[in-house]
Structure formats: structure tokens, C-alpha cells
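Q: Return atomic coordinates for the entry below.
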Amino acid sequence: MKRILLIACIFFCTAQLSAQDLYWVFFTDKQHDNFNPYEYFDPKAIVRYQLAGADLYDETNYPVTPAYVQGVTALATEYVGESRWFNATAVTADEEQLAAIRALPYVADVQRIASEALMAEESTDEVSEWDTDSTGHFMEELTWMQGEKFHQAGFTGKGVRIAVFDGGFDEVDKHPAFAHLFKNFQIVKTWDFTKRKENVYHGHYHGRMVLSCIAGIKDDTVHLGLAPDAQFLLARTEVKAEKTKEEVWWVQALEWADQNGADIVNSSLGYGDPLHYVKEMDGRTSRVAKGAATAADKGILVCTAMGNEGAKRDWKVLVTPADVDKVLSVGSVHGLSTIAYYSSFGPTADGRLKPNVVAPGYDLVANGSDGYTYSQGTSFATPMVTGFAACVKQMHPDYTAMQLLKEIEKSGNHYPFYDYQFGYGIPQAGYFTGEKAKPESFKLYEDKDYVYLIPNDTATKSDITLFYKVSNGDGSIVKYGNDFISKSSKGFVFDKADLEKGQSAHFWYDGTYKTYTLNKDNLPAPPDSNISNNIVYYEWEADKDNYYDKKSKFYSAGFSLRTGFTIPAMWSPSGNIHTADRVSRSLFAVWGNTFKLAKVYALGLNLSFGSTWFAVDSASLPMHIEQITAGYELRKKNVKVTSFDLEFFQRFYLSKSSRNRGILDMGIYGMWNTGSRLKGKFLSEGDDEIMMTDQNFMRPQMNKLAWGVRLRVGWEHFSIYGQYRISNLWKKDVFSNDLPKIEVGVQLF
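A: Numbering: from 1, shown residues only. As a prediction, the model looks like this:
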């Protein structure tokens with residue numbers, strides 16, 4: 001059995017070392033004597049470069065040297081793609097192949113790729129035709145963004161080119177919501193990066209739903225998005241069977257969109273758990289983040305989803321590339337003042353504001369080949385903002401990508417107030433069409449202990465949500481929250497004790513934004529001495545945990561159960577031990593911790609307490625116990641050993657996950673035997689009387705300490721383990737043989 005355990009260890013370790021993984025191979029230089037950007041780029045791309053002040057002859061635009069790609073591909077298992085921006089090619093290879101690739105004189109570096117795209121769709125609900133909510137010619141949610149003001153002014157995204165990246169656009173070529181796109185030749189180009197062909201009207205339905213939130217028209221009358229007249233580039237970048245290749249295809253799609261003149265990119269995709277760390281969400285670590293930043297420098301506005309991680313246990317913050325400063329990151333709301341429960345929140349790992357804005361995330365979308373359904377997620381909030389951005393770009397064709405981003409932020413209904421859930425709020429078309437600002441809705445007052453927010457008579461006569469926060473001098477948010485102020489309330493009170501010197505309290509209510517800084521601002525006293533009656537006292541939202549270092553720290557795996565059975569003694573390497581023909585068993589409660597040192601490696605500790613019941617017969621017991629029970633024949637007995645078990649182990653993550661998905665643990669454990677008992681049936685020789693006994697007289701014959709090795713292989717909350725106890729339980733001077741040493745079983749995490 002020891003040989004079997006050893007072989008299993010070697011097998012799993014060898015499998016890890018020899019596995020075919022995906023790698024970026026970066027080159028030392030480019031050979032580009034004949035490159036002509038005016039032939040390579042679409043005319044719209046050239047105009048965009050000139051507007052952004054970007055260099056058409058920048059080396060990132062030159063193609064990768066074909067001979068370099070061919071040389072690497074010849075040594076690899078599979079060619080996946082290449083990137084001119086990063087001067088690299090992506091291949092799958094094993095360790096031996098990688099060694100040969102690294103030795104090539106034109107290879108500068110090799111980096112492993114670990115990525116898995118997350119479609120930011122939370123759920124889908126079927127609806128009947130008569131359940132469709134719309135206001136005039138607009139889906140109701142578009143009115144939250146004042147989208148009708150754009151269309152009334154004649155702005156529908158005309159002339160703006162949008163690239164949409166997704167997992168497929170199934171039935172788009174058949175669905176009536178997109179008939180106008182084909183009739184007017186608004187789909188300029190398509191490309192399936194997963195299959196290297198033009199047809200994208202297959203695969204996942206997600207892209208169809210997303211596209212309908214930009215340009216869909218229901219029944220030729222009701223607009224599902226704000227940019228029905230925009231031009232489109234459709235790119236399929238995702239496929240379930242090839243998850244680790246998606247980062248390559250996403251970057252390739254960006255370069256393709258750049259070449260073909262995209263003004264805006266919509267990506268309702270993100271990359272996070274399980275193949276990235278939360279602390280990597282810093283806008284510069286992931287390859288897709290670097291690609292998005294490069295696209296922005298070349299004049300492309302990238303609109304991307306924050307992700308649907310807000311309600312998850314181990315990952316609540318944004319996903320990359322939403323972490324990029326130059327990217328317009330979009331969260332989801334289910335009302336003008338109600339954040340969607342699933343919407344990921346900010347900030348980035350390095351403390352920057354995210355999301356930039358939020359938008360309706362529960363939307364009517366194209367379903368099947370001719371139907372409609374409601375679906376929710378930041379996947380659908382993002383294209384709402386993409387369509388909004390297209391209208392702004394049509395209004396202001398001279399805006400660069402960064403000007404476009406900043407102006408959309410300023411149009412947010414909370415601007416200049418922001419927090420880490422709503423950002424600057426929901427973009428408002430009225431900001432661009434000349435809507436008059438609302439009159440001031442409240443005033444601030446103070447006394448010795450409190451700051452008071454008192455609504456003016458000009459405030460909207462309905463229940464309105466007040467947003468408030470505390471920030472440091474550098475703008476970073478300490479905490480934030482919101483409350484309803486009803487029509488019957490006199491106002492809102494804020495306790496100065498929640499501010500430290502230099503910190504500020506910020507308030508947004510009914511279109512008005514004000515701040516108060518401790519020991520700096522002097523406000524008038526409240527006009528009403530009875531102001532404390534019928535006033536709202538704030539309650540902070542639950543503090544958001546700091547997730548950014550979590551996965552490199554010591555963290556508890558919680559309690560679990562381990563149960564198994566002991567291999568019969570006849571299989572045991574200790575030899576001629578007699579056991580009853582019954583299965584021995586064990587049951588332990590386990591408390592565990594791990595310390596993650598790398599994406600695929602951790603050290604761990606388990607503390608267990610429980611018992612093992614060994615099934616034995618007379619010949620298995622020390623002689624003096626037989627003497628104690630002389631005159632009786634032992635018919636059925638258990639030796640119960642109660643122990644504390646401390647295990648130190650190293651963990652290998654077979655799926656590179658931050659959780660327990662695919663683990664291999666190899667550990668050493670020590671046991672402290674706190675007690676042992678003999679329990680059995682005795683048959684008197686004289687009168688065949690059956691007598692039960694349960695005695696503690698075995699402990700002096702036991703070793704108090706023992707140790708062994710343990711192997712565990714698991715997935716999610718279930719694992720199979722095997723262990724071998726190296727030291728004896730019986731003391732050698734009492735009994736030469738020992739109880740069985742090998743145990744196998746299951747552990748529930």
C-alpha cells in the first residue's frame with residue numbers, strides 16, 4: 001500500500017510538471033521595413049489616431065515578425081494567436097518545449113497565461129409580449145438615462161463605430177430586432193477569433209442580448225438601446241472549451257477593432273476568479289488590462305462591465321479590465337437609487353475610483369430568433385452606457401476617448417459625488433442637451449456635536465435617497481452609505497465623532513452636493529432648536545472588507561469532517577496481526593487554515609479531534625489483558641483510541657483556483673493519544689453468560705504520541721484521503737505486533 005501511495009504522489013506531481021499550458025512568448029524586436037499604416041488601417045482608424053494625437057508609426061502597430069512566430073510555433077504543441085501590441089505570440093507547450101523556445105535568440109521572455117472570461121449576466125426571465133414595459137418609443141429603463149433627449153435632438157449613434165466582444169451572436173442574423181442593421185449595412189465586419197473565420201452568428205446567446213441593449217428595436221418602434229444607427233464590428237472571443245485562450249483572443253480582438261476603426265469597444269466580459277488574484281485588480285497586472293490601456297492611448301473608449309461578484313463570498317470587487325483607469329467601467333442599478341445586489345464594487349486594488357458610472361441592469365433583450373426576455377447583470381448595464389457614449393460621440397465627434405469618458409462621468413446624476421458602488425451615478429443625456437440645473441435642494445448646519453442636512457422648500461416633494469460618505473484628504477473613501485429622507489422628515493443628522501482631523505463628510509441629495517471638513521468648515525447653527533425631532537439618523541452600510549491582500553494571507557478553511565476506515569490487518573505491512581472480520585472506522589472533526597504563497601501553492605495546518613475504533617480479536621491484544629479477562633472468551637471487541645491530530649501539509653491547486661477547486665495535499669501528521677478503551681462481549685466458560693465490558697485499562701500499553709503521512713485529493717467541498725501511520729500505537733515491550741497502520745476515507749471541507 002505504501003508503494004501505491006508513493007505512485008499516486010509521483011503521478012499527480014508529474015502531471016503538474018508535464019501539463020500542456022498556455023504561454024505568451026515575447027520577442028526581442030520587430031522587423032518592419034515595409035509597414036505602411038495608411039494601407040493597414042481603416043480610414044476611420046486613421047482619423048481617430050490623429051484626433052487622439054497617437055502615432056501611426058508607433059512600433060506597437062507594426063506586425064510581429066513572421067519568422068519569429070514560425071520558429072516558436074514549430075517547437076510548440078499549438079499556435080493560439082499573436083499580438084502586435086505586445087510583440088508576442090501565444091502557444092501551448094510543455095516544460096521541455098518551453099526550454100527549447102526560451103533558448104531561441106529572438107525570445108525575450110515567456111509568461112504563463114491564466115485567464116477565464118466571466119460573462120457578466122446574472123439571470124434571465126422569460127416575459128410575455130404584453131409584459132414589456134416601455135415609455136413611448138423607449139424601453140422604460142432608458143428614460144432613467146434621459147435617453148429620449150438624445151433621440152429628440154436627432155442623436156442615435158450615427159457614424160460611430162462600435163466593436164462588441166462576446167461569446168457569440170447566435171441568431172442575430174435572423175432576429176427582427178436587428179433587421180435594420182443588415183438592411184442598412186451597419187455591420188461592417190465580423191470575426192470569430194476562436195475558429196478564425198468570419199461567421200459569428202452562432203455560439204453563445206449572450207452577445208445577441210448585449211447587442212440588443214445597444215441597437216435593438218422591438219416591433220420597429222420600441223428602442224432597446226440608444227444607438228440603433230451606429231456601425232458595428234462583432235468579435236467572438238470566448239468559447240467554453242478553451243477558457244485559458246480567451247485572454248489571447250480578447251487582446252487580438254482589441255487590435256482588430258483598432259485596425260478597423262472602432263471608436264468604442266463594448267466588453268460585457270471580465271477576468272477574475274478563479275484564475276486571478278483579487279490583488280491583481282490594479283489596472284496594470286493582467287494582460288487584458290494592459291491591452292485596454294493601450295487601446296485607450298490609441299483613441300478607443302473601452303466600456304466594460306464591473307462584474308457580477310458583489311454578492312459572492314470570496315470575490316466581491318471588480319474584475320479586470322474594469323480596473324483600468326482609462327476604461328469606462330459600469331455597474332448595475334435596479335432603480336434610480338438602488339444598486340443591484342450582484343454588482344461588483346470598487347475601488348481598484350490600488351485605491352482608484354471604480355465604477356465610473358452605473359446604468360440599468362435589468363433590461364429587455366432579444367431572445368431566440370424572434371422573441372424577447374428580461375435579463376439582468378452588469379452585462380446589460382454596460383451596453384446601455386455604450387449606446388449613450390455613441391450618442392455623445394455623434395454630438396461631439398472631436399472628443400477624444402478620455403474627453404468622452406470624463407464628460408460621461410460629469411453627466412452622472414450624482415456628480416461630483418461618488419462612491420464605490422454607484423460611481424458618479426447614472427449618466428444623464430440632459431447634461432449634453434442643455435437641461436437646466438436643479439435649484440439647491442438643501443443646506444448644511446452644525447452645532448457642537450452634529451452636522452445637519454435640512455431640505456429646502458424647493459426640494460422634490462417625494463421620498464428621496466440621500467447619499468453620504470467620509471473621505472480622507474486624498475479622496476479615498478473611508479466608508480459610505482445612503483438613507484431615504486421621507487416627505488415627513490425634517491432632515492438628516494451626521495455625528496462629527498465619525499470624522500477625524502482632515503477628513504470630510506460628503507452629501508448628495510436631490511441634485512445638490514455639499515461637503516463638510518472637520519476643523520475647517522464653519523457652518524451656521526440650525527435655525528430650529530427642536531431640529532432633532534423627526535429627523536433621520538444615518539446608519540452606515542456594512543463595511544466592505546478589504547479583499548486586496550486576502551488571498552496571500554493566512555485564512556481559515558473552517559470546520560470539516562473526516563471519516564474513514566482502516567485497511568484490514570491482513571493487508572498491513574506489519575504482518576501477522578489478527579483482526580476480526582469487521583471494518584475498523586474513524587471519525588474526526590477538523591479545523592483548518594492555509595497560507596497561500598502562490599497561485600498554485602499553499603502551506604496549511606489542520607487540527608483534528610476524534611476517535612478510531614479498531615476491530616480486534618483476542619490474539620491482537622497484549623497478554624496481560626487476556627490475563628485480566630481470564631475465564632472469559634472475548635467474542636467481539638473494539639479498541640477505541642481517542643486522539644488530537646495536528647497536520648502540516650503543502651497544497652497544490654490543480655485548477656489554479658483561489659478556492660478548493662482541484663487540490664492535492666501532501667502532509668505529515670502527529671497524534672497525541674488522550675485515551676484508549678476496550679469494549680467487547682465476553683462469554684463465561686461455565687454458564688455461557690454474555691457480559692458487556694467497557695474499560696480504560698489499556699492506556700498504559702499505548703504510546704501517547706504517534707506520527708504518519710497523509711495524501712488528500714479533492715474538488716470543492718469533497719476530498720479523498722489516504723494515510724499511513726509510521727509509528728506504533730502499542731508499546732513494543734508490551735506487544736510485538738501493532739494495530740493496522742493504513743487508513744483511507746473522505747473529508748468534507
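
Q: in this structure, what secondary structure element scores lowest on mean pLDDT?
A: Here the helix or strand of the chain ranked lowest by mean pLDDT, DSSP states H and E is helix 2-18, holding a mean of 41.

Q: And the next helix or strand past it?
A: strand 21-27 (DSSP states H and E).

Q: now that next one: mean pLDDT?
A: Averaging pLDDT along strand 21-27 yields 92.

Q: In stretch 280-289, which of the residues would be classed as buried?
A: For stretch 280-289, burial by neighbour count (16 or more other C-beta atoms under 10 Å) applies to 280, 281, 282, 283, 285, 286, 287, 288, 289. Heads up, the C-betas are built off the backbone N, CA and C, glycines and all.

Q: would JSON lines of the residues you listed with pLDDT and secondary structure be doable?
A: Converted to JSON lines, the buried residues of stretch 280-289 look like this (pLDDT from 0 to 100; DSSP: H, G, I helix; E, B strand; the rest coil):
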{"residue": "280", "pLDDT": "86", "secondary structure": "helix"}
{"residue": "281", "pLDDT": "89", "secondary structure": "coil"}
{"residue": "282", "pLDDT": "90", "secondary structure": "coil"}
{"residue": "283", "pLDDT": "91", "secondary structure": "coil"}
{"residue": "285", "pLDDT": "89", "secondary structure": "coil"}
{"residue": "286", "pLDDT": "90", "secondary structure": "coil"}
{"residue": "287", "pLDDT": "91", "secondary structure": "helix"}
{"residue": "288", "pLDDT": "93", "secondary structure": "helix"}
{"residue": "289", "pLDDT": "94", "secondary structure": "helix"}
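
Q: low-scoring stretches of the stretch 101-250 of the chain, by residue?
A: Within the stretch 101-250 of the chain, the stretches with pLDDT under 70 are 115-138, 241-243.

Q: which SSE is residue 69 in?
A: Counting by DSSP H and E, residue 69 is part of helix 66-75.

Q: Buried ones in that helix, by neighbour count?
A: Residues of helix 66-75 classed as buried by neighbour count (16+ other C-beta under 10 Å): 68, 69, 71, 72, 73, 75.

Q: Same question for stretch 43-63.
A: For stretch 43-63, the neighbour count (16+ other C-beta under 10 Å) marks 44, 45, 48, 49, 51, 52, 54, 56, 60, 61, 62, 63 as buried.

Q: Quick check: mean pLDDT of that stretch?
A: Average pLDDT, stretch 43-63: 95.

Q: one step back: and the furthest pair within the buried residues of stretch 43-63?
A: Distances among the buried residues of stretch 43-63 were taken as C-beta to C-beta; the most separated pair is 51 and 63, at 23.9 Å.

Q: re the thing from before, following the helix holding residue 69 in sequence, what is the next regular element?
A: strand 78-83.

Q: Mind putting the buried residues of stretch 280-289 into CSV with distance to residue 440?
A: Formatted as CSV, the buried residues of stretch 280-289 follow (distance: C-beta to C-beta, whole Å):
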residue, distance to residue 440
280, 43
281, 38
282, 39
283, 36
285, 44
286, 44
287, 47
288, 43
289, 40
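
Q: still on that earlier bit, and the buried residues of helix 66-75 as JSON lines, adding pLDDT?
A: Shown next, in JSON lines, are the buried residues of helix 66-75 (pLDDT from 0 to 100):
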{"residue": "68", "pLDDT": "95"}
{"residue": "69", "pLDDT": "96"}
{"residue": "71", "pLDDT": "95"}
{"residue": "72", "pLDDT": "95"}
{"residue": "73", "pLDDT": "95"}
{"residue": "75", "pLDDT": "95"}
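
Q: ok, of the residues you listed, which one's closest to residue 40?
A: Nearest to residue 40, judged by C-beta to C-beta, of the buried residues of helix 66-75 is residue 69 at 17.3 Å.

Q: I'd assumed residue 82 was in contact with the closest one.
A: Yes. The criterion here is C-beta atoms under 8 Å, and residue 69 meets it with residue 82 at 5.8 Å.

Q: Which residue ranges of the stretch 51-200 of the chain form helices?
A: All helices of the stretch 51-200 of the chain, identified by DSSP state H, counting those that start in this stretch, fall at 66-75, 95-102, 140-143, 147-152, 179-183.

Q: of the ones you listed, which approaches residue 338 most closely?
A: Comparing the helices of the stretch 51-200 of the chain against residue 338 with C-beta to C-beta, the closest turns out to be helix 140-143 (12.4 Å).

Q: Counting neighbours, which bits of the closest one end up buried?
A: So, applying 16+ other C-beta under 10 Å, buried residues of helix 140-143: 141, 142, 143.

Q: helices or strands next to that helix in the packing?
A: If you count contacts as 3 or more C-beta pairs under 8 Å, 6 or more residues apart in numbering; DSSP states H and E, helix 140-143 packs onto strand 362-367.

Q: Could I get the average pLDDT for the strand it packs on?
A: The average pLDDT for strand 362-367 rounds to 90.

Q: where's it relative to the chain centroid, distance-wise?
A: Put simply, strand 362-367 sits 24 Å off its chain's centre (C-alpha atoms, centre = their mean, to the nearest Å).

Q: And for stretch 76-89?
A: 26 Å.

Q: What is the neighbour count of the closest residue to residue 446 other than its chain neighbours?
A: With C-beta to C-beta, 6 or more residues apart in numbering as the criterion, residue 446 has its nearest non-adjacent residue at 4.2 Å, and that residue is residue 523. For residue 523, the neighbour count with other C-beta atoms under 10 Å is 14.
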